[in-house]
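Engineer: Any chance you can model this:
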Amino acid sequence: MNTSIYDKTAKGKEEIATRKYQLAPRLRTLLVLIDGRRTEEELLRNVAGLGLGASALAELLEHGYIVLATSYASLSEPSLAEASPAEASPAEHALAAPAPEPAQIAQFQSVYDFYNKTIKNTIGLRGFTLQLKVEKASSVAELRELRQPYIEAVQKARGSETAAALARQLDQLLGIKPLA
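Structural biologist: As a prediction, this is how the structure comes out:
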């Protein structure tokens, strides 16, 4: 079991923020999920549905988008540092954050892509700060928190009709029921 933990390099963060290096969409999805907290095993489990494996991580590492941050055994928590990963008790495994379901990953990717596409096309450079917040988000809940600032920015840039239309699309992706 590989328990290495990876984090983005400056180049990886630049790619997320600007798409400067034109990373393939599937590799970009993996890069977005790398946060310096998830183990290699967890990351690979999350992207298995996309057909990505250890070679994808190796490619990101080789091209300088990510760096090995630490290994599970070297974490500072005494209970984890004292026991090897194979000796971890079932209770310790239960305390670990549950892995997202494939449907959650797909929803995250859909909302993430929606924000990226529409912020650039409707708000332009004024949406840069909002774009950075989207890039930092690591869950659908965090993306949902950006809904109101996004709608307000679109309304300011493009007007109420465009904001309302995009809000309906976003709400559908987020699973928010329209008010009757």
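Engineer: Mean pLDDT per element in this protein, and the minimum belongs to which helix or strand?
Structural biologist: helix 78-82 (a mean of 40; mean pLDDT, DSSP states H and E).
Engineer: Now do the domain split for this structure, please.
Structural biologist: As assigned by automatic domain parsing, the chain contains the domains 4-95, 102-174.
Engineer: What is the end-to-end distance of the last one?
Structural biologist: For domain 102-174, the separation between the terminal residues is 15 Å (CA to CA, to the nearest Å).
Engineer: What's the mean pLDDT across it?
Structural biologist: Average pLDDT, domain 102-174: 88.
Engineer: Over to stretch 59-66?
Structural biologist: Stretch 59-66 comes out with an average pLDDT of 90.
Engineer: Off-centre distance for that stretch?
Structural biologist: On the basis of CA atoms, centre = their mean, to the nearest Å, stretch 59-66 is displaced by 17 Å from the centre of the chain it belongs to.
Engineer: what's residue 146 in contact with, if anything?
Structural biologist: Listed by CB atoms under 8 Å, 6 or more residues apart in numbering, the contact set of residue 146 reads 115, 130, 133, 134, 137. Yep, even glycine has a C-beta here, placed from its N, CA and C like the rest.
Engineer: max-length helix in the chain?
Structural biologist: The single longest helix within the chain, with elements called by DSSP state H, is helix 102-118.
Engineer: just checking, next helix/strand downstream of that helix?
Structural biologist: Using DSSP states H and E, the helix or strand that directly follows helix 102-118 along the chain is helix 128-136.
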